[in-house]
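K.L.:
What would the 3D arrangement of this be:
(one chain, ligands or ions: 1)
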Amino acid sequence: MLEFRAAALRPLVALALAAGLTPAGVGAATAPAPRALLEELVDLNTTHAYGSTAAAKLLHQHFLAAGFAPEDVTLVVPDAYPTKGNLVVRLHGGGRGRPILYIGHLDVVEAKREDWSFDPFKLTEDAGWLYGRGVIDMKGQDVAMAVSLMRLKQEGFKPARDLIVAFTADEEAGGDANGVEWLLSKHRDLVDAGLVINPDGGEAGMKSGRKLYVAVQTSEKTFLSFGLEAKDKGGHSSRPTADNPIYRLSAALSRLAQFRFPVDLTGTTREYFARRSALEQGQLQADMKAVGAGSADPAAIERLSAVVETNIMLRTTCTATLIDGGHAENALPQRARATIQCRVIPGESPESVEAALRTVVADPLIAITTVTAAKPNPESALTPAIIAAVQQTTQGIWPDVIVLPEMSAGATDSHFSRSVGIPSYGIDAMFDDLDDARAHGRDERIGVVAFQQDVEFTYRLMKRLASTAGP
Ligand SMILES: [Zn+2]
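P.N.:
Numbering: from 1, shown residues only. From the prediction side, this is the model:
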């Protein structure tokens, strides 16, 4: 671990701090404007190859200039991964409960200049939009957290309990030095908390310019992969046999293609369907309402299962993702192998998924092995306190927007904090069009106004949550 505290400051700031003066020699503590900070962060390339340390150092300087004490702003870098730095900032509270920890990753997905309309590593404004890699995933939200914490500090706000914000490394592709995982295992004292808020999860959904909902992510499906393998002695292709492993495997995969796991609703998904129905009409509305009320008939389940978005909320899924087999054009195959990726509803065991797969495959000559084991990732309880805080904050800015609990089918860093027993919620109010998702894609963008509103939302929610005592 490397630690950079006062030593990493610009000489002028270090000098001023050493003399007990206000940072930066400009009198009062200063905080950057959200837009200016976003520009600085986007202009730093934090893809896997470059890492997050430079961005963490940049924020480090801003927090010191904003008046945070050096001992409350800690830059921590794993020895083995000097480019995968993390910054942890603490605003001290009144000790009424365990801290609240906000997490936000600083790294971004690769972007190629030739694929984009603008330079992805230069914040560009065009027709009401801010373009740049990471603006929605999630440098925009990082900025919202940073400026909100600085604003609270400068207002002299004293939280009921400590408020910690961790800006972390390596959430995206690569992921060999994931900051949240590393901080929780090696620097638990810095980030230990009773509650985690992660703006990388959840979503603020909009369609055709109409703001619909703010979703609070309480859970994620667990990731689990299996290998299926059929083997045979092989031989000359002029003497075909019925034991051909490619045929055996194909037949098993065809059975899997027809198979659906049983419906398994959680507290979150039941409530999701109940509330989401308010945004729909006709049959879909009736079907969602019925699922939410626990009274859906097989026809309603069938209709919802036919659509990917609702199907994945209803059940565990397993699907073939890779296949290979055989060794020569003129030989009977000696082996055929497929990889099956499963996304498991929280609370279901890996063993039960494997048992279901075995029943579907229904061929004792096909070996089933675990390729990637599941990591336990329980659902965080849908507490009225969290939902009410998000609801009040949301309706204070957008009176017509509803709040939904959500289970996501993909994964975020919250699975690390949930797996060590900290209730974790994905809350993101950066409104984005559901039909034009650009995270990880080309011309990633956020609305100028959406960004300003997210900054305000983040400040208000942070203040509201930190005003309440915790467990
Ligand atoms: Zn992200």
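
K.L.:
Of all residues in the stretch 251-400 of the chain, which one is closest to the ion?
P.N.:
The stretch 251-400 of the chain approaches the ion most closely through residue 377 (16.7 Å), counting by CB to the ion. All C-beta spots, glycine's among them, are computed from the backbone N, C-alpha and C.

K.L.:
ok now do that residue, which residues does it touch?
P.N.:
With contacts defined as CB atoms under 8 Å, 6 or more residues apart in numbering, residue 377 is in contact with 219, 220, 222, 346, 415, 418, 419.

K.L.:
Please repeat the previous calculation with a cut-off of 7 Å.
P.N.:
Contacts of residue 377 were listed using CB atoms under 7 Å, 6 or more residues apart in numbering, and they are 220, 222, 346, 415, 418, 419.

K.L.:
Ramachandran angles for the first one?
P.N.:
Comment: the main-chain dihedrals of residue 220 come out as phi -140, psi 150, following degrees, to the nearest 10.

K.L.:
so it touches residue 413, yeah?
P.N.:
No. In this structure residue 220 lies outside contact range of residue 413 using CB atoms under 7 Å: 10.1 Å.

K.L.:
Can you name the residue of the stretch 1-150 of the chain nearest the ion?
P.N.:
Nearest to the ion, among the residues of the stretch 1-150 of the chain, is residue 137, at 4.1 Å (CB to the ion).

K.L.:
Nearest residue to that residue in space, ignoring adjacent ones along the chain?
P.N.:
In space, not counting the residues next to it along the chain, residue 137 is nearest to residue 439; the distance is 4.0 Å by CB to CB, 6 or more residues apart in numbering.

K.L.:
and if you look at residue 316?
P.N.:
Distances taken as CB to CB, 6+ apart put residue 261 closest to residue 316, at 4.3 Å, once the chain neighbours are dropped.

K.L.:
near the ion, which residues of the stretch 151-300 of the chain?
P.N.:
Among all residues of the stretch 151-300 of the chain, those adjacent to the ion (criterion: CB under 5 Å from the ion) are residue 200.

K.L.:
Tell me where the stretch 151-300 of the chain has strands.
P.N.:
For the stretch 151-300 of the chain, the strands defined by DSSP state E, counting those that start in this stretch cover 163-168, 195-197, 203-207, 210-220, 222-231, 235-236.

K.L.:
So what's the residue count around the nearest residue to residue 238 once chain neighbours are set aside?
P.N.:
Spatially, and ignoring its direct neighbours in sequence, residue 238 is nearest to residue 330 (8.0 Å; CB to CB, 6+ apart). Burial of residue 330 is recorded as 7 neighbouring residues (other CB atoms under 10 Å).

K.L.:
I'd assumed residue 237 was in contact with residue 330.
P.N.:
Yes. Taking CB under 7 Å as the contact criterion, residue 330 and residue 237 are neighbours in contact, 4.8 Å apart.

K.L.:
which residue is nearest the middle of this structure?
P.N.:
The centroid of the chain falls nearest to residue 412 when counting by CA atoms, centre = their mean (2.8 Å).

K.L.:
Alpha carbons only: can I get stretch 250-269 in CSV?
P.N.:
Included here for stretch 250-269 are C-alpha records, laid out as CSV according to Å, rounded to 0.1, in the frame of the first residue of the first chain:
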residue,chain,number,x,y,z
SER,A,250,-26.6,-30.4,-29.2
ALA,A,251,-29.5,-32.4,-28.0
ALA,A,252,-28.8,-31.3,-24.4
LEU,A,253,-28.5,-27.7,-25.5
SER,A,254,-31.8,-28.0,-27.3
ARG,A,255,-33.5,-29.2,-24.1
LEU,A,256,-31.9,-26.3,-22.3
ALA,A,257,-33.2,-23.8,-24.9
GLN,A,258,-36.8,-25.0,-24.2
PHE,A,259,-36.4,-24.9,-20.4
ARG,A,260,-37.5,-22.1,-18.0
PHE,A,261,-36.7,-22.0,-14.4
PRO,A,262,-39.7,-21.6,-12.1
VAL,A,263,-40.9,-18.1,-11.2
ASP,A,264,-39.1,-16.9,-8.0
LEU,A,265,-40.1,-13.5,-6.8
THR,A,266,-38.2,-11.7,-4.1
GLY,A,267,-39.4,-8.9,-1.9
THR,A,268,-37.9,-6.4,-4.3
THR,A,269,-39.2,-7.9,-7.6
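
K.L.:
Pull out the buried residues from it.
P.N.:
For stretch 250-269, burial by neighbour count (16 or more other CB atoms under 10 Å) applies to 250, 252, 253, 256, 261, 263, 265, 266, 267, 268, 269.

K.L.:
so of those residues, which ones are in helices?
P.N.:
Using DSSP state H, the subset of the buried residues of stretch 250-269 located in helices is 250, 252, 253, 256, 267, 268, 269.

K.L.:
Am I right that the residue nearest to residue 137 is in contact with residue 136?
P.N.:
Yes. Using CB under 7 Å as the test, residue 439 is close enough to residue 136 to be in contact (5.2 Å).
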